[in-house]
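Show me the folded form of this:
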Amino acid sequence: AVAVAAVVALTFACGDGAPPPPPPGVAPEPASTAQDAGAAPVEAPPDAGPLRDMARAGALYLVMPDRFRNGDTTNDRAGGADCYDPASPYRYHGGDLEGLRQSIPYLEELGVSTVWSTPWYKQVPGRIGSTGSCGYHGYWADLVDPDDEAFEPKLGDEARGKALVASLHEAGMRLLLDLVVNHAGRNARIVSQRPAWFHDPARCSSMGSTDLYCPLSGLPDFAQEVPEVSAYLVESTRRWVERFGVDGIRMDTAKHVPLPFFEGTWIPAMRKEKAGLFLLAEVYEEGAASIYEPYLRAGFDSVFDFGLRRVLVNALAKAGSLDAVAAREAQTATLLTPEQRNLRVTFLDNHDVPRFLAEARAGTPGAELEARYVLALALLCTLPGIPQVYMGDELGMIGAPPDHRRDMPAWAFTAEGRENAAGTPGYVPRPAHVFSVVQRLAALR
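Numbers count the residues shown, from 1 in each chain. So this is what the prediction gives:
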């Protein structure tokens, strides 16, 4: 607890750019340094490359374009109006890639170095299931063979995607694009066109692990062991990299895909396509860090550390013990190499879990919620790893599913709007203060 408090105190002392005063009873640092004496500054080697850049950059920012900002209202009903309903948490709300492009100054102000966007695939049409959900999130691709490379029209088109990437690069930022090889969308064209390319739900459990061979949430499960399927998936994902010049791939549902496909086929193809492409695997497991090691050995550069998120939630959102955080980090240090630990992606929440603040004990006062959240942000940005911020985190947004995917508020994008939003329900008492904390932590990092 003392260490955490010291980190936060240092953060706030550094807010004006001046060096922080020493804590009581601690002598100040001498004015001279090794560099003053003529020693060379400590820098990354010239050939460190994109991976080292990712590790030492500011923050990775997760954005779901449909819920972020509407930059082009003419595409709100593109491809059919039955899925456009801003009042429903399960349908499209109008956000698009043009809105994201227009928000680059906001991301620069915050200190974002890399944007992770959910997928841009054309989604299966119509409403699905008891909630009447549509593919606003991007994970229900309406694939076809041969691949038509279709873009979700409600997000824009290929030209908008290329303009976004170009604008991000011009601003010195990177784009990490979400891609999927585990499944297609329900009723995707390819399912009826190539039924032999998917695992049979009636027989899949006899093949081995149900995680690998059975449908996830009823989504048609690709049979990557079939050569034609493997070739199709590799070429499809390769073309996303080639067409848009993305800097990395966030591989969705990696734990549900056989590792030999990644290690022997997909990862070598991606390396051949673009040197330095950052490959990040979603392995949704909260156990020991050893769970992630096979994916790193297979060739992924990074994984999300769901286990660290869990102990941060328990310690700070739920008022548990920080000993669990220390024990987790000690364990990680023994199971992963220093580079692997520095390249893992750490986070407090994302689009698949309740927001960190929604996990707090019921009845926790708003001021205490905010204080605990600031402590968690300080740990997130100072522990080894690449800190990931989910849109709205920088405002102290609160929400459990489906509210964890609600729209970014219009007031978020100006300093005056954030100041005037103090006391807004669904956020910590002072959104502007949390924004400044994230901003200063990103700068310190």
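
Okay, and the beta partners of the residue most central in space within the chain?
Centroid-nearest residue in the chain: residue 62, 4.2 Å away (criterion: C-alpha atoms, centre = their mean). Note on residue 62: beta-bridge partners by DSSP bridges are residue 116, residue 390.

Am I right that it is in contact with residue 116?
Yes. Judged on C-beta atoms under 8 Å, residue 62 makes contact with residue 116 at a distance of 4.8 Å. Heads up, the C-betas are built off the backbone N, CA and C, glycines and all.

Between the two, which contacts overlap?
Taking C-beta atoms under 8 Å, 6 or more residues apart in numbering as the contact rule, residue 62 and residue 116 both touch residue 388.

how many neighbours does the closest residue to residue 332 other than its chain neighbours have?
Of all residues not flanking residue 332 in the chain, residue 289 sits nearest, at 4.4 Å (C-beta to C-beta, 6 or more residues apart in numbering). Number of residues near residue 289 (other C-beta atoms under 10 Å) recorded here: 23.

Which stretches in the stretch 301-445 of the chain count as helices?
Remark: helices assigned in the stretch 301-445 of the chain by DSSP state H, counting those that start in this stretch are 306-312, 323-335, 338-343, 366-382, 415-420, 431-444.

so which of those is the most packed in?
Among those, helix 306-312 has the highest mean neighbour count (mean count of other C-beta atoms under 10 Å), at a mean of 22.

State the mean pLDDT of it.
When pLDDT is averaged over helix 306-312, the result is 97.

Pull the distance from it to the chain's centre.
From the chain centre to the centre of helix 306-312 is a distance of 15 Å (C-alpha atoms, centre = their mean, to the nearest Å).

same thing with stretch 384-401?
9 Å.

Can you list the buried residues in that stretch?
Neighbour counts over stretch 384-401 (16 or more other C-beta atoms under 10 Å) mark 384-399 as buried.

Next: stretch 214-231.
214-215, 219-224, 229-230.

cool, stretch 70-86 as well?
Buried residues in stretch 70-86 (16+ other C-beta under 10 Å): 70-72, 75-76, 78-79, 83-85.

Residue 443: which of those residues is nearest?
Ranked by distance to residue 443 (C-beta to C-beta), the buried residues of stretch 70-86 are led by residue 71 at 27.2 Å.

roughly how far apart are the residue nearest to the centre of the chain and residue 117?
8 Å (C-beta to C-beta, to the nearest Å).

hang on, the earlier thing: please render the helices of the stretch 301-445 of the chain as JSON lines that adds distance to residue 104 to the earlier fields.
Output for the helices of the stretch 301-445 of the chain, formatted as JSON lines (distance: least, C-beta to C-beta, whole Å):
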{"stretch": "helix 306-312", "distance to residue 104": "28"}
{"stretch": "helix 323-335", "distance to residue 104": "34"}
{"stretch": "helix 338-343", "distance to residue 104": "25"}
{"stretch": "helix 366-382", "distance to residue 104": "21"}
{"stretch": "helix 415-420", "distance to residue 104": "17"}
{"stretch": "helix 431-444", "distance to residue 104": "15"}
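
Any idea which of these gets closest to residue 183?
Nearest to residue 183, of the helices of the stretch 301-445 of the chain and by C-beta to C-beta, is helix 306-312 at 20.0 Å.

by contact count, what packs against the closest one?
The contact analysis (3 or more C-beta pairs under 8 Å, 6 or more residues apart in numbering; DSSP states H and E) places helix 306-312 against helix 323-335, strand 345-347, helix 366-382.

need those in a markdown table with distance to residue 179 and mean pLDDT, can you?
Output for these, formatted as a markdown table (distance: least, C-beta to C-beta, whole Å; pLDDT from 0 to 100):
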| stretch | distance to residue 179 | mean pLDDT |
| --- | --- | --- |
| helix 323-335 | 27 | 95 |
| strand 345-347 | 16 | 97 |
| helix 366-382 | 25 | 97 |
